[in-house]
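**Student:** Pasting the sequence and the predicted coordinates here, then a few questions.
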Amino acid sequence: MAHHRTPYARAGAPGAPSLARVRVVLMRTRNPQNLGAAARALRCAGITRWTLVDPLCDTDDPEATRVAVRAEGLLQLARVENTLADAVRGCQLTLAATARPRFSRPGIAPKEAARRMIASPGEVAIVFGDEQNGLHADEVAQLDQVTTMHSAPEQPSWNLAQAVAIYAHELRGAAIEAEERPSEEREADPARMAAVSRALGSALHALERPRTQHRLFPALERARLSAREALVWVAVLERIRRAFAARDEK
């Protein structure tokens, strides 16, 4: 199989430049028709960066080309890597798309997964397993978060290309929504929310209630604070911390 080393296209889709930071990673893909259908779905969404890890079929396969339908060029942009670590190197946020229940790591829905990826300020990746076995447990463990698509019990897993299409659609929608939102109202990125979490922890420690952080912070995450609101929360929590620290010094 030829290893395509064509540089990733950096231009985002019209109206959704944040999609240029998105990588889609397919592990051990077996069916060339899935490659072609995935390429078509990604082109429809305006996503141009994708990586194949240890693929078992070729992007040059006639079946892949036939199914791609006007996305043949995107097939040739696929980067090929030997390991998952190489495929996601440099990413600030990585998600594992899996149909298997992970009781210690509940999966978020595709829409929420897309929202978090677009809100992240750096490189992001979503990883799909192969058609037969999906992602291995050790691969899921390497990734930051888990995302799961709901399905009927009698058909518990989606076709690979269908799953790629659904997430690609959600990513494009999230990107366009983020671009249309005024800058001061845009959602706080993960780095700013991490600052809120640290400030909350410090304030609760000063209040001698550190164990309540794991209950309070998820509420702030669900509120989807804007970047400006996150700054306000950090400032207020810091003032609380300082006030109680000063009181204790007296």
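**Tutor:** Arrived safely.
**Student:** Next, count neighbours for Arg198.
**Tutor:** 14 (other CB atoms under 10 Å). C-beta here means a position set from N, CA and C on the backbone, and glycine is covered the same way.
**Student:** got a list of contacts for stretch 98-112?
**Tutor:** Identification of contacts with stretch 98-112 by CB atoms under 8 Å, 6 or more residues apart in numbering yields 116, 129, 134-135, 140, 145-151, 156-158, 166-167, 170, 173-174.
**Student:** Now the buried members of those.
**Tutor:** Among the contacts of stretch 98-112, those buried by neighbour count (16 or more other CB atoms under 10 Å) are 116, 129, 134-135, 140, 145-149, 158, 166-167, 170, 173-174.
**Student:** can I see the domain layout of the chain?
**Tutor:** Using automatic domain parsing, the domains assigned to the chain come out as 17-180, 185-249.
**Student:** which stretches of this protein have low pLDDT?
**Tutor:** Scanning the chain for pLDDT under 70 picks out 1-15, 101-104, 182-185, 248-250.
**Student:** re earlier: what's the closest of the buried ones among the contacts of stretch 98-112 to Cys91?
**Tutor:** Minimum distance to Cys91 across the buried ones among the contacts of stretch 98-112 is 11.7 Å, recorded for Gln145 (CB to CB).
**Student:** Please name the bridge partners of the closest one.
**Tutor:** Gln145 has these beta-bridge partners by DSSP bridges: Leu95.
**Student:** just to revisit the earlier point, deepest of the domains of the chain, which one?
**Tutor:** domain 17-180 (a mean of 19; mean count of other CB atoms under 10 Å).
**Student:** Tell me where this structure has strands.
**Tutor:** All strands of the chain, identified by DSSP state E, fall at 22-27, 50-53, 79-81, 93-97, 124-128, 145-147.
**Student:** could I get these as a markdown table with distance to Glu221?
**Tutor:** Converted to a markdown table, the strands of the chain look like this (distance: least, CB to CB, whole Å):
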| stretch | distance to Glu221 |
| --- | --- |
| strand 22-27 | 21 |
| strand 50-53 | 29 |
| strand 79-81 | 32 |
| strand 93-97 | 14 |
| strand 124-128 | 17 |
| strand 145-147 | 12 |
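**Student:** Without its sequence neighbours, what residue ends up closest to the most centrally placed residue in the chain?
**Tutor:** Geometric centre of the chain, nearest residue: Met117, 4.0 Å, by CA atoms, centre = their mean. Of all residues not flanking Met117 in the chain, Val124 sits nearest, at 4.4 Å (CB to CB, 6 or more residues apart in numbering).
**Student:** Touching, the one you found and Ala113? I think so.
**Tutor:** No - Val124 lies out of contact with Ala113 (CB atoms under 8 Å); the separation is 9.9 Å.
**Student:** quick one: common contacting residues for the two?
**Tutor:** Common neighbours of Val124 and Ala113 (CB under 8 Å, 6+ apart) are Leu95.
**Student:** Distance-wise, check the closest residue to Ser151 other than its chain neighbours relative to His150.
**Tutor:** Leaving aside its sequence neighbours, Ser151 sits nearest to Trp158 (CB to CB, 6+ apart; 6.2 Å). To His150, Trp158 is 10 Å away according to CB to CB, to the nearest Å.
**Student:** Glu208 too?
**Tutor:** 42 Å.
**Student:** Also Gly201?
**Tutor:** 33 Å.
**Student:** Same question for Ile166.
**Tutor:** 11 Å.
**Student:** With Ala39 instead?
**Tutor:** From Ala39 across to His150, the span is 26 Å (CB to CB).
**Student:** If anything else comes up later, I'll come back, but that's it for now.
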